[in-house]
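Asks: Give me coordinates for this.
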Amino acid sequence: MYCFILLLFVLFCTTAQTISFIIEYRQEDYLVIQHYINAQQYQVHHIFNSTLLYGMSFSLKDNRQTVSHPAIQKIYPVSEIPRPQWRSDNQTTTIPFVNKDTQIYDVYRELNITGQGILIGVLDSGIDYHHTAFGQKIKVGKNLVPPSTDLKFGLTPLGEDDPFDPCTTGDAGHGTHVAGIIAGYDPEKNFRGIAPDASLGIYRIFSCAGGATEDTVIKAMEMAYKAGCKIINLSLGVENGWSEDAMAVVAERLSNEGVIVIGVAGNQGEKDVVAAASIENSFYLTDVINLNIFEKESFFYVKSSNTTTFPDGILAPVLNNQTALTGCQNENIHSLDNIKGNIMLVQRGHCTFDEKLATAKKVGATGLLYYDPDTSAQSIVFAKTSNDSLPCAGIEFTLAQRIIEYFKHNTKPVHVVFPMDPQVIFPNIAGQISRFSSTGPSYELELKPTITGIGGGVYSTLPLHISDGWGIRSGTSMAAPHVSGTIALLIDYYSKRGMNVTSTYIMEQLQNHAKVIKSTKDIPEHPVIQGAGFIQPLDAIHSKLHVSPAHISFNDTASLTEYKTHRLQLTNTYSRTIAVSLDNMPSQSIQPYANLSSFTPLEPVMRNGSITVNLEFSTPKITIPSGSTATVDVKVILPTALSHYHYHMYGGYIAIKHNLDDYSTTVPYFGVLGNMTDLPVFDKGFPYLTSSTNATIRPTDPQATFHYYRSTKSRPTIVVRLLSGCARLEVKLYDAKQRSFVGDITGSPWTYNQRNTLANEKYSSAIEWDGKISGQTHPVADGTYFFHIRALKHFGHTDNLKHWEEWTSAAIVVNNKKELFII
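Replies: This is a model prediction of the structure:
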């Protein structure tokens, strides 16, 4: 007998929309549920049949349907997982990482550890398995992209066991690049991934465009688990700050089974997903320009599509009032006598590259260099040029400005040399947090990201039809496989030595001995930016000091005692007694809001603050015998004048040293100076009631009565803008005359809502009412009503009325008859 019934109602939309869910049930109830699903004529997508999840996902036949059965234990809405965001870089190199940064080559040489026998699941866009770097590495392959989806792109559908990536669109090859970082190996190219002898399980979940549904990702996770994957790499564009969704539940269960799930950095709420932040690679081996006026410097450049070599020569900038011209035909540069026989320097823009080249050819130039005057551009624009044009290449804005500045004060010629062999250059952002790397923490103030890998400027495999199968890409998508491959090395190490360690131990050891990344001020970056720091496998293996937990959250200041003291366990596995000391190493603080009166989160946050806290250790120095564990309590000492702070996030690292070696051991900590429950949920001016036909337009009179004629397309719509994540949002309907509760509108309540951002497409959210209340298929009767919204505050308790933010709409007059027009 079942003790409860779960009932879920679906919001009716004006446009055709597929509404999908995952339901969970007991294994023995499968046949009962199957009979129910068949009777309701739901469209089943996936059936989950493992200890991770017994359940299925399906779409409703009709948006008016409900999901209700006593055997259903949990219902999860299915969300869309966006496609991974990454970018192409024009640099070239043949080595993915420098050993002094990653320590991976030391692991190979000193320990002969290469990830052998470790199966790693890669859930992505598939793979070009014809690439020589993969050989016989792919042990398992599954295609979860529906045939109908591939047909939309003019592709021949692949079989269920074929994980090949057939896409040729601009961002094709993501999965191939990720797989190469993890385990690629091509000795002819002098290329090896992080764990070159690891095996791969490839699960194609992305087609050629768009994202993947959450249930498809979960099905691939289940497949990887059943196949024996020890690590699952999710280089996905997930931005979920809550730990209660279906993927988070499955990730937690995978963790309990000893499988390590690696995701990308951000504000993911999955507490059992290792979230990887990204730093920039420290070098590029690339084609360079050398100039006689800048000795001992080399500069990166990008050749146009039809330029194979660029001749050396003298540079002739086309200047007007000390500014480079564009080189277009309408500019009077034909009278300039310094261009003939030289290389012309111009700005990008105002005409095509071919027009610039035609102009350069007319005036006798031997080649064309261009730069982008847009200072916000993150990379050099790649020029597509005709076959019969002059040599053409782009240089960086900063170099162009230095050249122009030189010509303002000098008349001596500038000689430009293009060496035939590529050279190593070291960018000034090497080792710094990547601009695209997101900032945590989770909505529950759990530390995210967990640890940092290299994601900026990573050389790896691509499908053979793209740049002959090799190229550099950037994104947190690239940092995740760096971390995945590194974890495989540690699993291989402990396995070969017969050491029975848990996945939790491995991750804690990697966090304990990560390299803390410092800002340009030589102060540690905040833990919610880098996690424990940059992953260092050799240090994690060699160090015999283990600290648990590997990170600390002191939470907010709602309580001055709760969560303010944590106990560390320090375990000594050295053969000798160690003398340990603990110290506080504060990081830069984070300012999430512009000023004391603002509650709109900054994007990005200000991360160079100077607010710090003191830590009090129960014993700052302790002696630990070999094979023993000692405990140390850590208490945060908060500032006294808390009103001076506006939810600033303090942070830092507990630096732990001992007398036997110099391996770095740290534990990140952070907290918030403010009571999260006091944060407003709604932005100023929100919510507001408007029409579904023009939801972006606010009514001039917020108290004006809304006339809802159900025969028209104009429906009452509530527009909300959430300043913070909201665990529960309710919209209730009341009879305006009787002041009595009618019911929750269709779809209410909405749970675990993400906050709105400053991006146009995510700036606000609209709740459109179809005239019905939950539990009914017919509309409410004619009459006058109003909405009452309740939004649960951050860390709020549902039974505490003070923890809700409320709003009441203007009157809504419902008329179920056709609208009358009087002439």
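Asks: where's Ile182, which helix or strand?
Replies: helix 174-183 (DSSP states H and E).
Asks: what about the residue lying closest to Leu545 once chain neighbours are set aside, how many residues close to it?
Replies: The shortest distance from Leu545 to any non-neighbouring residue, by Cβ to Cβ, 6 or more residues apart in numbering, is to Thr665 (5.5 Å). C-beta: built from backbone N, CA, C; applies to glycine. Residues near Thr665, counting by other Cβ atoms under 10 Å, number 24.
Asks: I'd say Thr665 and Lys657 touch.
Replies: Yes. Using Cβ atoms under 8 Å, Thr665 makes contact with Lys657 at a distance of 7.3 Å.
Asks: quick revisit: what mean pLDDT does the helix holding Ile182 get?
Replies: Regarding helix 174-183, the rounded mean pLDDT is 96.
Asks: What is it packed up against?
Replies: strand 119-124, strand 199-204, strand 458-461, helix 476-496 (3 or more Cβ pairs under 8 Å, 6 or more residues apart in numbering; DSSP states H and E).
Asks: what separates it from the chain centre, distance-wise?
Replies: Centroid separation for helix 174-183 versus its chain: 17 Å, with Cα atoms, centre = their mean, to the nearest Å.
Asks: what angle sits between it and strand 119-124?
Replies: Going by axes from the mean of the first three to the mean of the last three Cα atoms, to 10 degrees, helix 174-183 is angled at 160 degrees with respect to strand 119-124.
Asks: And the next helix or strand past helix 174-183?
Replies: Later in the chain than helix 174-183, the nearest helix or strand by DSSP H and E is strand 185-186.
Asks: can you pull the pLDDT of Ile429?
Replies: In this model, Ile429 is scored at 54, pLDDT.
Asks: Please report the distance of the residue nearest to Gly55 when sequence neighbours are not counted from Lys226.
Replies: Closest residue to Gly55 apart from its sequence neighbours, by Cβ to Cβ, 6+ apart: Glu24 at 4.2 Å. According to Cβ to Cβ, to the nearest Å, Glu24 and Lys226 sit 18 Å apart.
Asks: gap between Met466 and Pro481?
Replies: For residue 466 the amino acid is Ile, not Met. 18 Å.
Asks: The two: which has the busier surroundings?
Replies: Pro481 (34 against 18).
Asks: ok, how many other residues are close to the closest residue to the more buried one other than its chain neighbours?
Replies: Excluding its sequence neighbours, the residue lying closest to Pro481 (Cβ to Cβ, 6+ apart) is Ile181, at 4.0 Å. Residues near Ile181, counting by other Cβ under 10 Å, number 32.
Asks: Same question for Val122.
Replies: Neighbours of Val122 (other Cβ under 10 Å): 33.
Asks: same question, Ser389
Replies: Close neighbours of Ser389, defined as other Cβ under 10 Å, add up to 21.
Asks: That one is in contact with Ser305, isn't it?
Replies: No. The pair Ser389 and Ser305 does not pass the contact test of Cβ under 8 Å, sitting 9.8 Å apart.
Asks: before we move on, back to that, can you put the helices and strands packed on helix 174-183 in CSV and add distance to Pro166 and mean pLDDT?
Replies: Listed next are the helices and strands packed on helix 174-183 as CSV, based on distance: least, Cβ to Cβ, whole Å; pLDDT from 0 to 100:
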stretch, distance to Pro166, mean pLDDT
strand 119-124, 14, 98
strand 199-204, 9, 98
strand 458-461, 16, 90
helix 476-496, 20, 94
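Asks: Output those in a markdown table; the columns should cover distance to Pro687.
Replies: Converted to a markdown table, these look like this (distance: least, Cβ to Cβ, whole Å):
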| stretch | distance to Pro687 |
| --- | --- |
| strand 119-124 | 37 |
| strand 199-204 | 41 |
| strand 458-461 | 44 |
| helix 476-496 | 33 |
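Asks: of all these, which lies closest to Pro77?
Replies: Closest of these to Pro77 is strand 119-124, at 20.4 Å (criterion: Cβ to Cβ).
Asks: quick one: strands adjacent to that closest one?
Replies: strand 199-204 (parallel), strand 231-233 (parallel) (DSSP bridges).
Asks: Show me the contact partners of the shortest one.
Replies: Which is strand 231-233. Residues outside strand 231-233 that contact it (Cβ atoms under 8 Å, 6 or more residues apart in numbering) are 118-124, 178, 182, 221, 224-225, 254, 259-262, 480-481, 484, 487-488, 491.
Asks: Are any of those buried, and if so which?
Replies: 118-124, 178, 182, 221, 224-225, 254, 259-262, 480-481, 484, 487-488, 491 (16 or more other Cβ atoms under 10 Å).
Asks: returning to that earlier point: overlap in contacts, Ser389 and Ser305.
Replies: By Cβ under 8 Å, 6+ apart, no residue touches both Ser389 and Ser305.
Asks: Just list the residues touching the residue nearest to Ile232 when sequence neighbours are not counted, thanks.
Replies: In space, and not counting its chain neighbours, Ile232 is closest to Gly121: 4.3 Å by Cβ to Cβ, 6+ apart. For Gly121, the contacting residues are 140, 200-201, 203, 220-221, 223-224, 227, 229, 231-233, by Cβ under 8 Å, 6+ apart.
Asks: Which parts of the stretch 251-400 of the chain are helices?
Replies: Assigned by DSSP state H, counting those that start in this stretch, the stretch 251-400 of the chain shows helices spanning 353-362, 397-409.
Asks: elements contacting the longest one?
Replies: Looking back up the chat, that one is helix 397-409. Secondary elements touching helix 397-409 (3+ Cβ pairs under 8 Å, 6+ apart): strand 313-317, strand 323-324, strand 367-371, strand 414-417.
Asks: Lowest average pLDDT across those?
Replies: Among those, strand 323-324 scores lowest, at a mean of 74.
Asks: Which elements pack onto that one?
Replies: strand 343-347, helix 397-409.
Asks: Could you spell out the sheet neighbours of the first one, each with its direction?
Replies: Partner strands for strand 343-347, per DSSP bridges, with pairing direction: strand 313-317 (parallel), strand 367-371 (parallel).
Asks: Tell me which of those strands is the most buried.
Replies: Highest mean neighbour count among these (mean count of other Cβ atoms under 10 Å): strand 367-371, with a mean of 25.
Asks: What residues does Phe787 make contact with?
Replies: Phe787 neighbours (Cβ under 8 Å, 6+ apart): Leu689, Pro716, Ile718, Val731, Lys732, Leu733, Tyr734, Ile745, Trp769, Thr808, Ser809, Ile812.
Asks: Find the helix or strand that Asp520 is a member of.
Replies: You called it Asp, but residue 520 is Thr. Counting by DSSP H and E, Thr520 is found in no helix or strand.
Asks: Next, count neighbours for it.
Replies: The number of residues packed near Thr520 is 9, by other Cβ under 10 Å.
Asks: Against Gly341, how distant is it?
Replies: 43 Å.
Asks: mind checking which of the strands paired with strand 343-347 is nearest Leu615?
Replies: Across those, closest to Leu615 is strand 367-371 (Cβ to Cβ), at 49.2 Å.
Asks: So what touches the closest one?
Replies: With Cβ under 8 Å, 6+ apart, strand 367-371 has contacts from 301, 310-311, 313, 315, 324, 327, 343-348, 353, 356-357, 360, 380, 383, 390-397, 399-400, 416.
Asks: how far does it sit from the chain's center?
Replies: What separates the centre of strand 367-371 from the centre of its chain is 36 Å, taken as Cα atoms, centre = their mean.
Asks: for the closest residue to Phe353 other than its chain neighbours, what are its contacts?
Replies: With Cβ to Cβ, 6+ apart as the criterion, Phe353 has its nearest non-adjacent residue at 4.4 Å, and that residue is Ala383. Ala383 sits next to Val302, Ser304, Ser305, Phe353, Tyr370, Cys392, Ala393, Gly394 when contact means Cβ under 8 Å, 6+ apart.
Asks: got it, and Thr486?
Replies: Counted by Cβ under 8 Å, 6+ apart, Thr486 has contacts Thr102, Ile104, Ile194, Ala195, Gly453, Leu510, Ile535, Pro537.
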